[in-house]
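Colleague: predicted model and sequence follow; I will ask about them next.
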Amino acid sequence: MDLFDLSGHVSIVTGGNRGIGFGLARGLAQANASVAIWARDLAKADEAVERLDGIGKGEVVAVGCDVSDERSVGDALEATVDRLGKVDSVFANAGVTSGVTFPDMELSELEHVFEVNVAGVFLVAREVARHLIARDAPGSIVITSSIAANRGNPTAPHYSASKGAATALARALAVRLARHRIRVNVIAPGWVATEMTDDLQGNERFEDALRFRVPLRRWGTAEDFEGAAVFLASPASAYMTGTELVIDGGYSAF
């Protein structure tokens, strides 16, 4: 369907070199978009580009970026526009957490998580919004949050709080940017098999609990986010803004 064809479309995926981000980037590439994968680990970003090479009609490039650094974000956007000509959508996906639980957690851990998961989202969204407004072009900003934003997570309260803040930011930006024809939406993943959940995968007790708690009885995978990326970047979601797309295997319905 032409509605889902992203030929000529240019998208950024932060943290697109692994996990959910790679799934988002692969979906976009398969729909013929050109994709800039932004990541701190440029070597892994280059590997992701190699894996995506030739799967669609668009170009896939790697761009080094630390989303928590204002200058780095500005430089990355400039490099992307120089290489691909413009930006039509961005997936602010890069995120971090830490394994120390409350109350043993240091303030510096909370600050680091917020620097990436909130300030990083703010900087990426701001720079892309400025670019779109300057072009007088419609666009799509998609923020990766988490179902943890709305649920008590006893092992990572700083992560939950950061994702709650990112979700609130997205809703506010959706209202502010609608006048510029820029849509802002949220993807809220559940339990997904990524490097962030490595320590839980294979844990027998947790696997049993997950199969009981998730109606689809499995971990989410990067592939489960491919279609969502295409939908939210494409005209198919033209009347969606300020909303949350939950991809959790039914966890939230239980």
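Modeller: Received it, and whenever you're ready, just let me know what you need. Numbering: from 1, shown residues only.
Colleague: which residues sit against whichever strand or helix holds residue 167?
Modeller: For residue 167, the element it lies in under DSSP states H and E is helix 157-177. Applying C-beta atoms under 8 Å, 6 or more residues apart in numbering, the contact partners of helix 157-177 are 95, 97-98, 102, 105, 109-110, 113-114, 117-118, 121-122, 125, 129, 141, 143-146, 148-153, 183-186, 188, 241-244. For the C-beta atoms, the positions are set from N, CA and C on the backbone; glycine is no exception.
Colleague: ok, of those residues, which come out buried?
Modeller: Among the contacts of helix 157-177, those classed as buried by 16 or more other C-beta atoms under 10 Å are 95, 97, 105, 109-110, 113-114, 117-118, 121-122, 125, 129, 141, 143-146, 148-149, 153, 183-186, 188, 241-242, 244.
Colleague: in strands, which of these appear?
Modeller: 141, 143-144, 183-186, 188, 244 (DSSP state E).
Colleague: residue 162 and residue 169: what is the separation?
Modeller: Distance, residue 162 to residue 169, by C-beta to C-beta, to the nearest Å: 10 Å.
Colleague: which residue, other than its chain neighbours, is closest to residue 99?
Modeller: Of all residues not flanking residue 99 in the chain, residue 199 sits nearest, at 7.4 Å (C-beta to C-beta, 6 or more residues apart in numbering).
Colleague: the one you found - how many residues pack around it?
Modeller: The local packing of residue 199 (other C-beta atoms under 10 Å) involves 10 other residues.
Colleague: that one falls within a helix, correct?
Modeller: No - counting by DSSP: H, G, I helix; E, B strand; the rest coil, residue 199 is not found in a helix; it is coil.
Colleague: ok, now which ones touch the nearest residue to residue 7 once chain neighbours are set aside?
Modeller: Residue nearest to residue 7 in three dimensions, not counting chain neighbours: residue 32, with 4.3 Å by C-beta to C-beta, 6+ apart. The contact partners of residue 32, taken as C-beta under 8 Å, 6+ apart, are 5-7, 9, 56-58.
Colleague: give me phi/psi at residue 32?
Modeller: With angles defined as degrees, to the nearest 10, residue 32 sits at phi 80, psi 10.
Colleague: so it versus residue 233, what's the distance?
Modeller: Distance of residue 32 to residue 233, given as C-beta to C-beta: 11 Å.
Colleague: what sits in contact with each of these two?
Modeller: 6, 9.
Colleague: hang on, residue 37 in a strand?
Modeller: Yes - assessed by three-state DSSP, residue 37 belongs to a strand.
Colleague: next one: it from residue 170, what distance?
Modeller: 21 Å.
Colleague: over to residue 206?
Modeller: To residue 170, residue 206 is 29 Å away according to C-beta to C-beta.
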